[in-house]
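Colleague: what would the 3D arrangement of this be:
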Amino acid sequence: MGKILFYISTFLIINFTTYSEDTRLLEREVTVKAENERLDDFLNRLSQEIGGVFSYSPSAIDISQRITGEFNDKSCREILEEVFQGRIRYKQKGNYIILSPAPPSDKEITVSGYLVDENSGERIRNATVYDPITLKSSTSDEFGFFEISVKNPTNENFELIINQERYVDTLLVDQEKSSFKRFFLTQETAETLTKPMKDFLQWAKESMGVKNSKNIRDTLARKFQFSVVPFVGTNQKLSGSVVNDYSINLFGGYSAGTNKLELGGLFNLDRGKVSGVQAAGLFNQVGGNVQGVQLAGLANIDLDSLSGFQGAGLINFALRSVEGVQISPLLNISGGNMNGFQASALINYTHKNVEGVQTGIIGNIAGGYVEGFQFGLFNYADSVNGASIGLLSFVRKGYHTLEIGADEIYPINIGLRTGTRGFYNILSAGIRPEKADSITWSFGYGIGTSPRLGKKTYLNFELNTSQMNKGNVLATNLINRAYLGLDYQLAKGVALYGGPSFNIRIFDTSYDDHPETFSYFSPRVFGRKSFENLNLGQEIWWGFRAGIRFF
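Modeller: Residues are numbered from 1 along each chain as shown. Below you'll find the model as predicted:
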């Protein structure tokens, strides 16, 4: 048993050591010389230098070939290319390099080599080499090596383009059937204005397709593309650098942009701008501006501006300005200005100015001014030229007053008004000090408008309802009031107000302990009525309000 374990451990150690040491046989740099030496003898010496073994069939390779040459500090791969001139293919497997004849092809050219920094001599990894006609591409590995085969049925000069984000773009023009070289690239010394690309696919930044997108600065164009998922489609690994007129993505796609139509079963991802129509089952994400229509089951995300329409099942987002319409049941966001219409079942948010309408059932937020209207339970804006209509609206540079006054029911009334003079909300409370076990008091809510009549005079028209209580809130006892009065500015931040009111009291007739409606003043009450089937009663009278306002 001990011997078996020893042999197993020895086998694993030898294989692990062999694998770890020999994974880079083709990249090992050596110096060898040959003077009219047979090929098999030369390969034996080369195998000793690199620490590997060449495996080949003597019937498939002319081992009697004579080799003469001086190879100084060259990789095993380069030496094999110089010796065989592209006639032999080689592949490493463990500690072996397998040599086999290259298949003949009159219509295809294979180009391979190392990409090297012109100044430092270091190999360049993650560079993109591609054919601008067929969009076939290759990416240099960790040793700077690449290999690409391109069709060339006419035997004319072909072109390949090399791109790497830190280097100047390089154009290769060649006609050789097989070409292996060192290609030298020059680093860029300064960033250009187009350098910062909106590469918002951080989750895939190590994929070859996104590396190609970073490397290639030129925009490629195609009439049509089809993809299954990103980088698996007709535009292959260069899809992130291609702008398509029409784009169909079975599950999802990734492109540089769309001109007319893009459809995605699940998602669409575009680095650049989108025009026309873009629709996806789950989400659309665009790095440039959108001009047209975006439709998504869940979310539309635009990292630039929107000019058109966004409709989503949950969220619409535009990082910059919106000119058009955003509609969703959850949230609409504009990171810049909004000129148009935002409608949501919950919240609309615009970081800067709004020229148009925001309609959100829960609320609307505008970081700048609103030239138009806000409709929602809660509204916020810096300033409003129009109206913010809702349960509670706060306009930072709007209308805010605190009032203390009296009416025919309460000697002390306190009210807070917030919004704009065009439309404001009123939170109110009243109290009647009296010697009793329980204090009579009220709380209420109202809305109002206050147009200017003169330099210091404003008209007030308000609708308010308040619950009148004695002690705890025990039964319905609502005072509903319509008020029309004047507001005169005594000084900055101080005003007097006063005017008549029309009041309707609705109360629960089954409750016998309502507080006395009037204590200090007794107006004539008319319109008494009882709704027996509802257990409600009604009283109507004319009243008054007067007091002082601050701010």
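
Colleague: where along this protein do the helices fall?
Modeller: Secondary structure of the chain (DSSP state H): helices at 2-22, 39-50, 76-84, 208-215.

Colleague: quick one: average pLDDT of the shortest one?
Modeller: The pLDDT scores in helix 208-215 average 53.

Colleague: bridged to the closest residue in space to Asp270 that isn't next to it in sequence, which residues?
Modeller: Once flanking residues are discounted, Asp270 sits nearest to Val286: 4.7 Å by C-beta to C-beta, 6 or more residues apart in numbering. To be clear about C-beta, it is placed using only N, CA and C from the backbone, and glycine gets the same treatment. Beta bridges link Val286 to Asp270, Asp302 when assigned by DSSP bridges.

Colleague: so Val286 touches Ser275, yeah?
Modeller: No - counting by C-beta atoms under 8 Å, Val286 does not reach Ser275; the two are 10.5 Å apart.

Colleague: more neighbours: which of the two?
Modeller: Taking neighbours as other C-beta atoms under 10 Å, Val286 and Ser275 compare with Val286 leading, 28 against 21.

Colleague: just the buried positions in stretch 368-387, please.
Modeller: For stretch 368-387, a neighbour-count test (16 or more other C-beta atoms under 10 Å) marks 368-370, 372-376, 378-381, 384, 386-387 as buried.

Colleague: nearest to Leu282 among those residues?
Modeller: Each of the buried residues of stretch 368-387 was scored against Leu282 by C-beta to C-beta, and Gly376 proved nearest at 27.8 Å.

Colleague: which residues are in contact with that closest one?
Modeller: Taking C-beta atoms under 8 Å, 6 or more residues apart in numbering, we find Gly376 in contact with Asn348, Gln358, Thr359, Gly360, Ile361, Ile362, Gly363, Asn364, Ile389, Gly390.

Colleague: the residues you listed, buried ones only, as a ChimeraX selection?
Modeller: Here is the ChimeraX command that selects the buried residues among these (16+ other C-beta under 10 Å):
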select :348,358,359,360,361,363,364,389,390
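
Colleague: show me the shaky parts of the stretch 351-500 of the chain.
Modeller: By pLDDT under 70, the stretch 351-500 of the chain contains no weakly predicted segment.

Colleague: do that again at 80, thanks
Modeller: 434-437 (pLDDT under 80).

Colleague: and the strands in the stretch 51-200 of the chain?
Modeller: With DSSP state E, counting those that start in this stretch applied, the stretch 51-200 of the chain shows strands at 53-55, 66-75, 88-93, 96-101, 108-117, 128-130, 137-139, 145-151, 158-163, 170-174, 178-185, listed in chain order.

Colleague: quick one: the strands in the stretch 451-551 of the chain?
Modeller: Shown for the stretch 451-551 of the chain, the strands assigned by DSSP E, counting those that start in this stretch span residues 457-470, 477-491, 494-508, 525-531, 536-550.

Colleague: what lies in contact with the second one?
Modeller: Right, strand 477-491. Here strand 477-491 has contacts from 409, 442, 444, 446, 448, 450, 453, 456-469, 495-508, 514-515, 543, 545, 549, using C-beta under 8 Å, 6+ apart.

Colleague: one more pass at 7 Å, please.
Modeller: Identification of contacts with strand 477-491 by C-beta atoms under 7 Å, 6 or more residues apart in numbering yields 409, 450, 456-469, 495-508, 514, 545, 549.

Colleague: over to stretch 493-511?
Modeller: Applying C-beta under 7 Å, 6+ apart, the external contacts of stretch 493-511 come out as 403, 460, 474-490, 514, 517, 530, 535-551.

Colleague: what is the burial count for Leu534?
Modeller: Leu534 has 10 neighbours, counted by other C-beta under 10 Å.

Colleague: and for Gly471?
Modeller: A count of nearby residues for Gly471, using other C-beta under 10 Å, gives 13.

Colleague: measure it to His514 for me?
Modeller: Gly471 sits 11 Å away from His514, going by C-beta to C-beta, to the nearest Å.

Colleague: and Trp542, what are its bridge partners?
Modeller: Phe502.

Colleague: what residues does it make contact with?
Modeller: So Trp542 contacts Pro500, Phe502, Pro523 (C-beta under 7 Å, 6+ apart).

Colleague: so the last one touches Phe544, yeah?
Modeller: In this case it means Pro523. No - look at Pro523 against Phe544 with C-beta atoms under 7 Å: they stay out of range, at 8.6 Å.

Colleague: overlap in contacts, the two.
Modeller: Listed as contacting both Pro523 and Phe544 by C-beta under 7 Å, 6+ apart are Glu408.

Colleague: out of the contacts of Gly376, list just those in strands.
Modeller: Residues of these located in strands (DSSP state E): Asn348, Gln358, Thr359, Gly360, Gly363, Asn364, Ile389.

Colleague: number of residues surrounding His514?
Modeller: 19.

Colleague: distance-wise, check it relative to Ser530.
Modeller: Counting by C-beta to C-beta, the gap from His514 to Ser530 is 14 Å.

Colleague: check Ile540 too.
Modeller: Taking C-beta to C-beta, one finds Ile540 at 13 Å from Ser530.

Colleague: so for the two, which residue has more residues nearby?
Modeller: Ranked by neighbour count (other C-beta under 10 Å), Ile540 and Ser530 place Ile540 first, with 15 against 11.

Colleague: who are the neighbours in contact with the residue lying closest to that one once chain neighbours are set aside?
Modeller: Excluding the flanking residues, the one nearest Ile540 by C-beta to C-beta, 6+ apart is Gly527, at 3.4 Å. With contact taken as C-beta under 7 Å, 6+ apart, Gly527 is in contact with Gln538, Glu539, Ile540.

Colleague: report pLDDT for the first one.
Modeller: Turning to Gln538, the model gives it a pLDDT of 96.

Colleague: oh, and call the first residue 816 from now on, that's how I've got it
Modeller: Sure, I'll start counting at 816 from here, so that last one is Gln1353.

Colleague: what about it, how many neighbours?
Modeller: For Gln1353, the count of nearby residues is 15 (other C-beta under 10 Å).

Colleague: likewise for the second one?
Modeller: When neighbours are defined as other C-beta under 10 Å, Glu1354 has 16 of them.

Colleague: my guess is it contacts Val1340. True?
Modeller: Yes - contact criterion C-beta under 7 Å: Glu1354 and Val1340 qualify, at 5.2 Å.

Colleague: in contact with Glu1223, which residues?
Modeller: By C-beta under 7 Å, 6+ apart, the contact list for Glu1223 reads Phe1333, Phe1336, Pro1338, Gly1358, Phe1359.

Colleague: the last one contacts Asp1222, doesn't it?
Modeller: Spelled out, it's Phe1359. Yes - contact criterion C-beta under 7 Å: Phe1359 and Asp1222 qualify, at 6.3 Å.

Colleague: of those two, who's got more company?
Modeller: Asp1222 (21 against 16).

Colleague: so what's Asn1200 up against?
Modeller: Counting by C-beta under 7 Å, 6+ apart, Asn1200 makes contact with Tyr1184, Glu1186.

Colleague: whoops, Phe1188 was the one
Modeller: By C-beta under 7 Å, 6+ apart, Phe1188 lies in contact with Val1172, Gly1201, Ala1202, Ile1204.

Colleague: including distance to Asn1131, could those go into CSV?
Modeller: CSV is the format used below for the contacts of Phe1188 (distance: C-beta to C-beta, whole Å):
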residue, distance to Asn1131
Val1172, 15
Gly1201, 23
Ala1202, 24
Ile1204, 22
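
Colleague: tell me what Gly1091 is bridged to.
Modeller: On the basis of DSSP bridges, Gly1091 is bridged to Gly1107.

Colleague: same thing with Val1169?
Modeller: Counting by DSSP bridges, Val1169 forms beta bridges with Met1153, Val1185.

Colleague: do the same with the one 4 residues further on
Modeller: Here Gln1173 shows beta-bridge partners Gln1157, Gln1189, assigned using DSSP bridges.

Colleague: from Thr1264, how far off is the closest residue in space to Asp1119 that isn't next to it in sequence?
Modeller: Nearest residue to Asp1119, sequence neighbours excluded (C-beta to C-beta, 6+ apart): Asn1104, at 4.1 Å. Shown here: Asn1104 relative to Thr1264, a distance of 39 Å by C-beta to C-beta.
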